[in-house]
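K.L.:
this one's structure only:
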């Protein structure tokens, strides 16, 4: 760190020297704090940075928001101001902390990852290119996730009995131990029938299992982690960024694509549980 810019407040200089000496702040950290404080001082104009009040800080944050800065960036700059004014209070330069009563901006939720219908189709086609029981099982998993919007925890714990009766529906036990009936389209029914014909491949000789998707692991059924791994490997084969693909993303795709095609929101909520 080369030190403060010419004309910067001596209190900014003292604050940065404290960070370096007492907290061992790196050069990059010092530069970031210096940049934030000089930017705020520039916003204040002729007013001294050490004398700013809460209204000035709020006006500054509003200006940053109006400039479309990311909430994370605004929160970082407010954090710098908070540390600076706490330091001034501790040093006796001020008798109050103008940043203490100011709330951090909401960081907002990250937008959910979205798969297009074409991308879901590419995943299913990639699964169909796989041969043998594992490929057949993967097609069934994909078709069920996309046709029903099941949570992966609901999918892996589906009992065999959930699909023994009417092939047009499955019975799902979801949150709060509540049961709901979810319709199945023809592609999912076809994939499920093909999988059930080779389901025994995933059991030891003479073994039975109550689970629709049995596994030889400790749980007795496929795990959430294994399903996620299978989907990410399949994404690579389909030429899709594996970071975009997960069981939850397929649940979101189911909901989004149903709404795009005019599904009733209340019915969709019931299917999603």
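P.N.:
It's in. Treat the numbers as computed from the prediction; the structure is a model and nothing was measured.

K.L.:
Helices of the stretch 51-200 of the chain, start to end?
P.N.:
In the stretch 51-200 of the chain, the helices defined using DSSP state H, counting those that start in this stretch lie at 54-66, 71-90, 117-129, 132-148, 152-156, 186-198.

K.L.:
Out of those, flag the one nearest residue 267.
P.N.:
helix 132-148 (12.9 Å; Cβ to Cβ). For every residue, glycine as well, the C-beta is placed using N, CA and C.

K.L.:
Average pLDDT for that closest one, rounded please.
P.N.:
Helix 132-148 shows a mean pLDDT of 92.

K.L.:
Could you number the chain from 793 rather than 1 from now on?
P.N.:
Got it, the first residue is 793 from now on, which makes the last one we talked about helix 924-940.

K.L.:
ok, and what's touching that helix?
P.N.:
Outside helix 924-940, the residues that touch it by Cβ atoms under 8 Å, 6 or more residues apart in numbering are 912, 915-916, 919-922, 942, 944, 947, 962, 964, 974, 976-977, 979-980, 983-984, 986-987, 990-991, 993-994, 1005, 1014, 1019, 1022-1023, 1026, 1039, 1042-1043, 1045-1046, 1063.

K.L.:
Now, of those residues, which are buried?
P.N.:
Burial by neighbour count, judged by 16 or more other Cβ atoms under 10 Å, picks out 912, 915-916, 919, 942, 944, 947, 962, 964, 974, 976, 980, 983-984, 986-987, 991, 994, 1005, 1014, 1019, 1022-1023, 1026, 1039, 1042-1043, 1045-1046, 1063 from the contacts of helix 924-940.

K.L.:
so where's the stretch 843-992 of the chain shaky on pLDDT?
P.N.:
Along the stretch 843-992 of the chain, segments meeting pLDDT under 70 span 896-905, 957-958, 967-968.

K.L.:
what do you get if the cut-off is 80, keeping everything else the same?
P.N.:
858, 860-862, 895-906, 955-959, 963, 965-971, 973 (pLDDT under 80).

K.L.:
Next, the buried residues of stretch 921-936.
P.N.:
So for stretch 921-936, counting by 16+ other Cβ under 10 Å, buried means 925, 927-936.

K.L.:
what do you get for stretch 1056-1065?
P.N.:
1063-1065.

K.L.:
likewise stretch 994-1006?
P.N.:
Using 16+ other Cβ under 10 Å as the test for burial, stretch 994-1006 gives 994, 1001, 1003-1006.

K.L.:
coming back round to it: take the buried residues of stretch 1056-1065 and keep only those in helices.
P.N.:
1063-1064 (DSSP state H).

K.L.:
ok so, going back, for the helices of the stretch 843-992 of the chain, please prepare CSV with the additional fields distance to residue 807.
P.N.:
Listed next are the helices of the stretch 843-992 of the chain as CSV, based on distance: least, Cβ to Cβ, whole Å:
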stretch, distance to residue 807
helix 846-858, 16
helix 863-882, 5
helix 909-921, 50
helix 924-940, 53
helix 944-948, 49
helix 978-990, 62
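
K.L.:
For residue 818, which of those helices is the nearest?
P.N.:
Ranking the helices of the stretch 843-992 of the chain by proximity to residue 818 (Cβ to Cβ) places helix 863-882 first, at 15.0 Å.

K.L.:
just checking, what packs against the closest one?
P.N.:
On a contact count with 3 or more Cβ pairs under 8 Å, 6 or more residues apart in numbering; DSSP states H and E, helix 863-882 meets helix 802-814, helix 819-836, helix 846-858.

K.L.:
my read: residue 918 touches residue 1029, true?
P.N.:
Yes. Between residue 918 and residue 1029 there is a contact under Cβ atoms under 8 Å: 4.5 Å.

K.L.:
Between those two, which is the more surrounded one?
P.N.:
Set residue 918 next to residue 1029 and count neighbours by other Cβ atoms under 10 Å: residue 918 wins out with 21 against 15.
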